[in-house]
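Participant: following is a predicted model, sequence given first.
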Amino acid sequence: FMKNASLKFLYGEAFRAPSFSEMHAIYQKNSIIRGNKDLDPETVRSYETGLSYKFNKYVSSSVNYFFNDIKDLIVLRSTFEDTTRILSYENFGDAHVQGVEMETKVDITKGNYVFMNYTFQSPEDDDGDKLPFVAKHKGNFGVNVHYWKYINTNLSTFVSGPRSREEGDSRDDLPAYTLLNLSVIGKEFF
């Protein structure tokens, strides 16, 4: 719509069928996980709008707003029978995840670049309660080095904020964590 910029509007639909383990029982040491053959597939409708801009031949950035409408979310619920913990899969209900993603890439030379992205999201069920095990904040940053025509190296760091537990779980929230990834790719040797 203008030089060096692009505007996008996206709509998508998807589903996730229940897995074998979600539909059939699994027995563990201290608990029983019950399958549920009556699970419905999860479905999602996704809406996104974004703006990208190339500031010069080296630096480009984008910002996106997204909204995901999830139906029949499959979750693992915990109950107790006597002293035995019983876990069972259920269609939890509906959920909404909306948020903003921002990304920047700086090209240094051909095949060599640094990148960073950040996502803020607000995951909620239909009652406005936080979805368990989903972080509000997450991001990546890293560098790609293509220093020889046969070898490419990528070093990236993924950072996730803390995640809440299910309602009724008295344990502390899951802490934030960081993953460091190093990839070395050899190509076109023959």
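Facilitator: Sure, I can see it.

Participant: next helix or strand past the strand or helix carrying Tyr11?
Facilitator: Here Tyr11 sits within strand 5-16, counting by DSSP states H and E. Note on strand 5-16: by DSSP H and E, the next helix or strand toward the C-terminus is helix 20-23.

Participant: chain center to that following helix: distance?
Facilitator: From the chain centre to the centre of helix 20-23 is a distance of 22 Å (CA atoms, centre = their mean, to the nearest Å).

Participant: list the contacts of Ile32.
Facilitator: Shown in contact with Ile32 (CB atoms under 8 Å, 6 or more residues apart in numbering): 25, 84-87. For the C-beta atoms, the positions are set from N, CA and C on the backbone; glycine is no exception.

Participant: separation between it and Ser62?
Facilitator: 47 Å (CB to CB, to the nearest Å).

Participant: again with Asn181
Facilitator: 22 Å.

Participant: ok, these two, which is more surrounded?
Facilitator: Ser62 (18 against 11; other CB atoms under 10 Å).

Participant: beta partners for the more buried one?
Facilitator: With DSSP bridges as the criterion, Ser62 is bridged to Ser52, Glu103.

Participant: could you do Gly139 as well?
Facilitator: Per DSSP bridges, the residues bridged to Gly139 are Tyr118, Val159.

Participant: look up how far Ile70 lies from it.
Facilitator: With distances taken as CB to CB, Gly139 is found 23 Å from Ile70.

Participant: swap in Leu180?
Facilitator: When CB to CB is applied, the distance between Leu180 and Ile70 equals 31 Å.

Participant: what of Glu188?
Facilitator: As judged by CB to CB, Glu188 and Ile70 stand 42 Å apart.

Participant: ok, those two, which is more surrounded?
Facilitator: Ile70 (21 against 6).

Participant: doesn't the more buried one fall inside a strand?
Facilitator: Yes. If the criterion is DSSP: H, G, I helix; E, B strand; the rest coil, then Ile70 is within a strand.

Participant: ok, now which ones touch it?
Facilitator: 42-44, 94-97.

Participant: now the element after the helix or strand of the chain with the lowest mean pLDDT, going C-ward?
Facilitator: Taking mean pLDDT, DSSP states H and E as the measure, the chain has strand 26-27 as its least confident helix or strand, at a mean of 64. Once strand 26-27 ends, the next helix or strand along the chain (criterion: DSSP H and E) is strand 31-34.

Participant: quick one: buried residues of that following strand?
Facilitator: 33-34 (16 or more other CB atoms under 10 Å).

Participant: could I get the full set of strands for this structure?
Facilitator: For the chain, applying DSSP state E gives strands covering 5-16, 26-27, 31-34, 42-54, 59-81, 84-109, 112-125, 137-148, 151-160, 177-186.
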